[in-house]
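1. Return atomic coordinates for the entry below.
(one chain, ligands or ions: 2)
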Amino acid sequence: MPIIPISDQALQDAATCLQQGGLVAFPTETVYGLGAIARDDKAVASIFAAKNRPQFNPLISHFADADNALAAGRKTDIASLLASHFWPGPLTLILERHKDSPISLLASAGSDSVAVRVPYHEIARRLIALTGWPIVAPSANPSGRISPSNAAHVEEGLGSACDMILDGGPCRSGLESTVIDCRNNKAILLRPGPITAEQIKEQTGLILATPENKGGDGTAPLASPGQLASHYAPLARVRLNATTKQQDEVFIGFGTVPDGVTADFNLSESGDIQEAAAHLFALLHEADKRALNSIAFAPIPMSGLGLAINDRLSRAAAPRDSGKVL
Ligand code: TXA
Ligand code: MG
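-> Ligands and ions are numbered 1, 2, ... in the order given. So this is what the prediction gives:
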């Protein structure tokens, strides 16, 4: 499908397309999403088909405002607190479903929870408001592959499945939203992301828990079902914490590159972790085009946003199921 620059007309066309059951890829501040109207079972099903996504992996619903997002599930005090500090923004909250939820059961993948988020990106919120309904949107990449941080990535991976691709330029954050389970008035970190545990503690006083069963072997549904061991996988093998460059390898540095190594790319020459996050998926796409054998990553510090980057990288590097990308 053609990539369409943003205009009032393009947004109106995209809203109409969604209302008619179509799939529209659109920018958010994290990554591009592949959108469908959340209550439209058939359109939601076509997202699973387009991405070849395991059916047990539920989808995030996106809203134009916090009141509607919190009303889509059973709101807890902790959810309201997090929403008031970090929405609109790159934070997804898991709530208990209730019977009047406007979200397709398929989007919950059979569970009794819903995932809700109010994105910061203006185009995303305008599009949602124009349709008048929440929009489910997984990252717009084939399941298990690298997330798209620009419109060209979407076209490469899922072009034929999209009815429209709205081009809002590169995504600012480049990492998918932080996911927090707020059911039972707790705060459990299911996926690290752009809003860090430190930021949450600083601004709300909340200390996040991490689920004991996180990081399983990729076969069973986990607390956050999307957290498969092998995920974000490029075609080439991925080697982490590399301080040398091997033959037929693309080396991606972070900050100062080790002596004797010529880096092919650098996540951030100045060692800025935010810049590194924003570049991560685009560089993985680039490196994968060049790599004959493997992609090596220099060590990334394990703090702040570095936790989310290392989380994505360890999944990209995880052994694949008999060479098959999950
Ligand atoms: O930044 C983002 O979150 C992007 C943009 C487009 O908003 N979306 C995104 O969606 O990353 P996706 O589908 O690629 O990842 C959603 C994650 C998965 O790990 C999924 O398992 C988890 O959220 N998730 C969704 N619904 C859930 C639920 N009801 N309970 C637990 N985890 C859920
Ligand atoms: Mg994804």
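
2. what about stretch 199-211, near ligand 1?
-> No. Judged by CB under 6 Å from any ligand atom, stretch 199-211 stays clear of ligand 1, getting no closer than 9.9 Å. Yep, even glycine has a C-beta here, placed from its N, CA and C like the rest.

3. Residues contacting that stretch, please?
-> Stretch 199-211 is contacted from outside by 78, 81-82, 85-86, 180-181, 186-190, 197, 222-224, using CB atoms under 8 Å, 6 or more residues apart in numbering.

4. which of these tops the neighbour count?
-> Using other CB atoms under 10 Å as the neighbour criterion, residue 180 leads the contacts of stretch 199-211 with 28 neighbours.

5. Quick check: phi and psi on it?
-> phi -130, psi 130 (degrees, to the nearest 10).

6. confidence score at it?
-> Predicted confidence (pLDDT) for residue 180: 97.

7. who are the neighbours in contact with it?
-> 82, 91, 92, 93, 94, 187, 188, 189, 190, 208.

8. For ligand 1, state which of the contacts of stretch 199-211 is nearest.
-> Using CB to the nearest ligand atom, residue 224 is the member of the contacts of stretch 199-211 that lies nearest ligand 1, at 4.1 Å.

9. Distance of residue 200 relative to residue 180?
-> Distance, residue 200 to residue 180, using CB to CB, to the nearest Å: 8 Å.

10. Direction included, what does the strand ranked longest in the chain pair up with?
-> Using DSSP state E, we find that the single longest strand of the chain is strand 91-97. Strand 91-97 has these partner strands in its sheet, going by DSSP bridges: strand 73-74 (antiparallel), strand 113-117 (antiparallel), strand 178-181 (parallel).

11. export that strand as PDB, just CAs?
-> In PDB, the C-alpha atoms belonging to strand 91-97 read as follows (Å, rounded to 0.1, in the frame of the first residue of the first chain):
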ATOM      1  CA  LEU A  91       2.600   3.800  29.000                       C
ATOM      2  CA  THR A  92       0.100   0.900  28.700                       C
ATOM      3  CA  LEU A  93      -2.100  -0.200  31.700                       C
ATOM      4  CA  ILE A  94      -3.600  -3.600  32.100                       C
ATOM      5  CA  LEU A  95      -7.100  -3.500  33.800                       C
ATOM      6  CA  GLU A  96      -9.700  -6.100  34.500                       C
ATOM      7  CA  ARG A  97     -12.300  -6.300  31.700                       C
END
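
12. buried stuff in that strand?
-> Buried residues in strand 91-97, counting neighbours by 16 or more other CB atoms under 10 Å, are found at 91, 92, 93, 94, 95, 96, 97.

13. From the residues you listed, pick the one nearest ligand 1.
-> The shortest approach to ligand 1 among the buried residues of strand 91-97 belongs to residue 94, at 4.5 Å (CB to the nearest ligand atom).

14. ok, what's across the strand from the closest one?
-> Here residue 94 shows beta-bridge partners residue 115, residue 181, assigned using DSSP bridges.

15. Tell me if I'm right that it and residue 183 touch.
-> Yes. Applying CB atoms under 8 Å as the test, residue 94 and residue 183 come out as touching, 6.3 Å apart.
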